[in-house]
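>>> here's a sequence, model it:
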Amino acid sequence: MNLRIGLLVAFTLLTVGAALLLPAVPQPLDYHHFADTREAFGIRNFLDVSSNLAFAIAGIAGLVLTLHPRTSFAHASERWPYGVFFVGVLLTAAGSAYYHLAPDNETLFWDRLPMTIGFMSLLSAQIVDRINARLGVALLVPLLLVGMASVVYWIVTERAGRGNVLPYAALQAYSVVILVALAATHPSRYTRGAAIYGVFAAYVLAKVFEHFDDELLAMGNVISGHSVKHIAAAIAALVVCHMLWKRTLVVPGARIPATGHSLRPSP
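Numbering: from 1, shown residues only. Model (predicted):
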């Protein structure tokens, strides 16, 4: 356990050091140049905009499941990180659609802010499920503040003419690594804990589609990689939905997992 804590502290310090000490990296302007600029129904970049409907579906479904009384949570407070996660997913639908109507740094801010809310709240939720419920809930607001601060810092530096996207990128990479490390080293108190690997796989797939934006559109001129990226990323959220729908609380020493509605979180 001490070794794990030491590695976590070392990785955290390394990430913070990289974000603060490495040379500033401004947002490349060609990031806003997407393959599919076709217009439909009077909407520019129609498929990049409309594909965000997948986020809206995942966000609404997740909120319904999180608030449903039969969804397995050992304590009512454990719903908060998942609830905020799906609010972030729902807001991503709006923020990303807004960005793709007129892609630039200013509109990108409203895309990245809700995405960061999603990343940080999912990290909080996994701490709840795998390490300590009270700690995970207590860390929800600090994690959200750090995440949102990285996006605010980025846009402020861009406006000042010395843009630095590195802290935002470092925090996103950090949260992904920690999520996978938690899954590998700390079993969930609930069944279906391995679903986090499905979330990670969908995230990686989304990044692949994003990279091959032009190439995918060139294959038949049907849909671009970035539009498919939105669908793949929304699938990651739907994997979390399915996990919540199917999971039950595992009682230590019991052969059959319990529903967990009357059990308290570990201290």
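
>>> quick one: the strands in this structure?
Along the chain, counting by DSSP state E, no stretch forms strands.

>>> quick one: pLDDT of the most centrally placed residue in it?
Per CA atoms, centre = their mean, the C-alpha nearest to the average position across the chain is that of residue 119, at 3.3 Å. The confidence metric pLDDT takes the value 96 at residue 119.

>>> hang on, isn't it packed against residue 175?
Yes - judged on CB atoms under 8 Å, residue 119 makes contact with residue 175 at a distance of 4.7 Å. Heads up, the C-betas are built off the backbone N, CA and C, glycines and all.

>>> hey, what's in contact with both of those two?
Residues touching both residue 119 and residue 175 comprise residue 147, with contact defined as CB atoms under 8 Å, 6 or more residues apart in numbering.

>>> tell me how many other residues crowd the closest residue to residue 129 other than its chain neighbours.
Once its chain neighbours are removed from consideration, residue 129 has its nearest residue in residue 188; the separation is 4.6 Å (CB to CB, 6 or more residues apart in numbering). Residue 188 sits with 21 neighbouring residues when counted by other CB atoms under 10 Å.

>>> list the contacts for residue 188?
Contact analysis of residue 188 by CB under 8 Å, 6+ apart lists 129, 130, 250.

>>> roughly how far does the second one sit from residue 223?
Taken as CB to CB, to the nearest Å, the spacing of residue 130 relative to residue 223 amounts to 37 Å.

>>> ok, now the last one?
Residue 250 sits 41 Å away from residue 223 when distances are taken as CB to CB.

>>> and for the first one?
From residue 129 over to residue 223 the distance is 35 Å, taken as CB to CB.

>>> neighbour-wise, which of these two wins?
Neighbours per residue (other CB under 10 Å) separate residue 129 from residue 223, with residue 129 holding more: 28 against 18.

>>> so what's that one up against?
78, 136, 188, 189, 190, 193.

>>> where does the prediction get shaky in the stretch 101-250 of the chain?
Across the stretch 101-250 of the chain, no stretch falls below the confidence threshold (pLDDT under 70).

>>> counting neighbours, what do you get for residue 70?
As a burial measure, the neighbour count of residue 70 was computed by other CB under 10 Å and equals 8.

>>> so it versus residue 80, what's the distance?
From residue 70 over to residue 80 the distance is 18 Å, taken as CB to CB.

>>> what's the answer for residue 74, then?
The value you get for residue 74 to residue 80, if CB to CB is used, is 13 Å.

>>> now do residue 18, the pLDDT please.
pLDDT, residue 18: 88.

>>> excluding sequence neighbours, find me the nearest residue to it.
In this structure, residue 18 finds its nearest non-sequential neighbour in residue 170, 5.6 Å apart by CB to CB, 6+ apart.

>>> my read is that the one you found contacts residue 20, right?
No - when contacts are counted by CB under 8 Å, residue 170 is not listed as touching residue 20 (9.1 Å).

>>> before we move on, the earlier item: and the gap between the residue nearest to residue 129 and residue 39?
Using CB to CB, which is the criterion applied here, residue 188 is 46 Å from residue 39.

>>> what about residue 164, how many neighbours?
Counted by other CB under 10 Å, the residues lying close to residue 164 total 21.
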